[in-house]
Every structure is written in structure tokens, then in C-alpha cells.
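Engineer: A predicted structure for the sequence below; I have some questions about it.
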Amino acid sequence: MLFTFHSKVRTASYDRDMNQIYQLIFNIYLKTPTGIKRFGYIKLHPKEYYTGGSTVAKWYPILGVADPIGSRHNVGNLLMNIEFISKDDFNDSNAYRKPMREGAKTMYDLRCFVYQGRNLPSADENGLADPFVRMHLMDKTAEHIIQRGQEVPEDKRDNRSSVRECTVNPVWYDVLEIKDISLPYPSELSMAPDIMLEIFDKDDGFFGDETEELMGQCKVCAISLLSLLL
């Protein structure tokens, strides 16, 4: 999602102690056939916006509304720039930074070669776990296409790596792929959202249904892959 907007605060007088400054919260809503639904939010500490704001646009992760067990997952990203304008400059149009325009884009395929995990946290009563990996970029989730050097048949592909049972040091050698991603040209990949990798523990429910628990996650900046494209 790409938004450009201004929000004016008529009076803002704060103590230098950052703990006394309000947090900035963005609530994200989704229009559905049954009405407007809040599905996520971004919460920013004063250090992230009060010290003059950022000079370039930045991607912020959107946290989903808590599920029944109280956990929250990343449900997307919001590209925005935040700035404070002093009260004296409210009527000066030159005081505002000009909104960024959307640049040219090209199509990519993204592959992640998932090899091994080490010293993962235990998630089961036996001190072990049944881990698997998911990869997300924007609104797309990767497909499992290769398992230990063998191509996975199309009718058996899933949106996660294979599950490695009863281990906290899993060995996968799988490949996850997202096809047809529209992103900025390589020279502007700093505007691309982060690639999100998540590790889950798989469990079998009491009624035979499968459940999963988030064990951890990491982000990879698309700009860090620039050298592979040039």
C-alpha cells in the first residue's frame, strides 16, 4: 500500500523526556461487504517521529489485530513519511516536503533457498518443535517448489516449506518462490517493502485439525539483494 497524506496538529508542546510524548498510532481498515473492519495498526514511539521526522519514505510493518490466543502477526506494510511542521510555518506551503510520486516498476521472481535452522526455541512439551518456514512479500506468500533437490509437483505445492518434526535444529534444503512481483527498478529498491520470513511450529489439535504457532521472524531488505540484479 502506498499513501500520501498530511495530518496537522494545531498545537504541540512537549517535554524533552520522550516518555512523556504520545505514541503515534495508525489504524488500518478494510472495507468489506458487511462494513468497515479494522484489521491492523502501526504504533510509533516518539523517537521515530518527533525528532524532526524522516527525510525519506520508509516501510512500516502493520501488526494484525490479536487473534483468539492473543498473538499478533505482520499483515502487511505501509510506505509513508512523517514530519512535524512548526506552528509558525503552518501557512507556508514551502515548509512541507513535496509528496513522493510513484516511480517506474518492473517484474521480478523471488526465490528463497531455505537450508537449515539452529537453536530454535522449543515449542512442545518435549522441549522440541516441528518447524516450517513461510515467506511473504507485500500481499503474496511464497510457494514451496523444491524439496531437497526434487521439484514438488504442482498439485502438492503448499504456501510453506516442509515440516521437520521433533527438532530445534531443522534441515530443510527447500526452495520457496514468489512469482510476478511488481517492484521499483533496481536503482530504487530502497522503496520496496521488506521480505518477511516466519518460522512456525506445527501441532495437531485435539480433533485432528492442524494448528500453528509463530516461533520467530526476520526481515530482509530488498535493497540488500541489489548486487544480485546488476
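Structural biologist: Yep, that arrived.
Engineer: what segments of this protein are helices?
Structural biologist: Along the chain, counting by DSSP state H, no stretch forms helices.
Engineer: domains for it, by residue range?
Structural biologist: 18-95, 105-228 (automatic domain parsing).
Engineer: quickly compare those and say which is most buried.
Structural biologist: domain 105-228 (a mean of 15; mean count of other C-beta atoms under 10 Å). (Glycine included, C-beta is placed from N, CA and C.)
Engineer: beta partners of R111?
Structural biologist: E177 (DSSP bridges).
Engineer: pretty sure it is touching E177, no?
Structural biologist: Yes: assessed by C-beta atoms under 8 Å, R111 is found in contact with E177 at 4.9 Å.
Engineer: which residues do those two both contact?
Structural biologist: Counting by C-beta atoms under 8 Å, 6 or more residues apart in numbering, R111 and E177 have no contacts in common.
Engineer: point out where this protein drops to low pLDDT.
Structural biologist: Scanning the chain for pLDDT under 70 picks out 1-20, 48-56, 66-73, 83-103, 185-188, 205-206, 208, 226-230.
Engineer: tell me where the chain has strands.
Structural biologist: 24-32, 35-44, 58-64, 74-80, 105-116, 131-137, 140-141, 143-147, 150-151, 171-184, 195-204, 210-220 (DSSP state E).
Engineer: show me the one of the ones you listed that comes nearest A123.
Structural biologist: strand 195-204 (3.7 Å; C-beta to C-beta).
Engineer: can you give the strand pairings for that closest one, parallel or anti for each?
Structural biologist: Partners of strand 195-204 in its sheet, by DSSP bridges: strand 131-137 (antiparallel), strand 210-220 (antiparallel).
Engineer: so it versus strand 74-80, what angle?
Structural biologist: 160 degrees (axes from the mean of the first three to the mean of the last three C-alpha atoms, to 10 degrees).
Engineer: tell me the angle strand 195-204 makes with strand 105-116.
Structural biologist: Per the same axes, to 10 degrees, the angle that strand 195-204 makes with strand 105-116 is 50 degrees.
Engineer: touching strand 195-204 from outside, list them.
Structural biologist: 61, 73-74, 110, 112, 117, 120, 123-124, 129-137, 160, 163, 210-222.
Engineer: same deal with stretch 36-49?
Structural biologist: For stretch 36-49, contacts defined as C-beta under 8 Å, 6+ apart pick out 14, 18, 21-31, 60-65, 75-76, 78, 82, 84.
Engineer: if we go to 7 Å?
Structural biologist: 18, 21, 23-30, 60, 62-65, 75-76, 78, 82 (C-beta atoms under 7 Å, 6 or more residues apart in numbering).
Engineer: same deal with stretch 130-141?
Structural biologist: Residues outside stretch 130-141 that contact it (C-beta under 7 Å, 6+ apart): 76-77, 110, 112, 114, 117, 120, 142, 159-166, 170, 176, 178, 181, 193, 195-202, 215.
Engineer: just stretch 219-226 next, same as before
Structural biologist: By C-beta under 7 Å, 6+ apart, the surrounding residues in contact with stretch 219-226 are 183, 186, 189-190, 192, 194-197.
Engineer: if we use 8 Å, what do you get?
Structural biologist: By C-beta under 8 Å, 6+ apart, stretch 219-226 touches 61, 183, 186, 189-190, 192-197.
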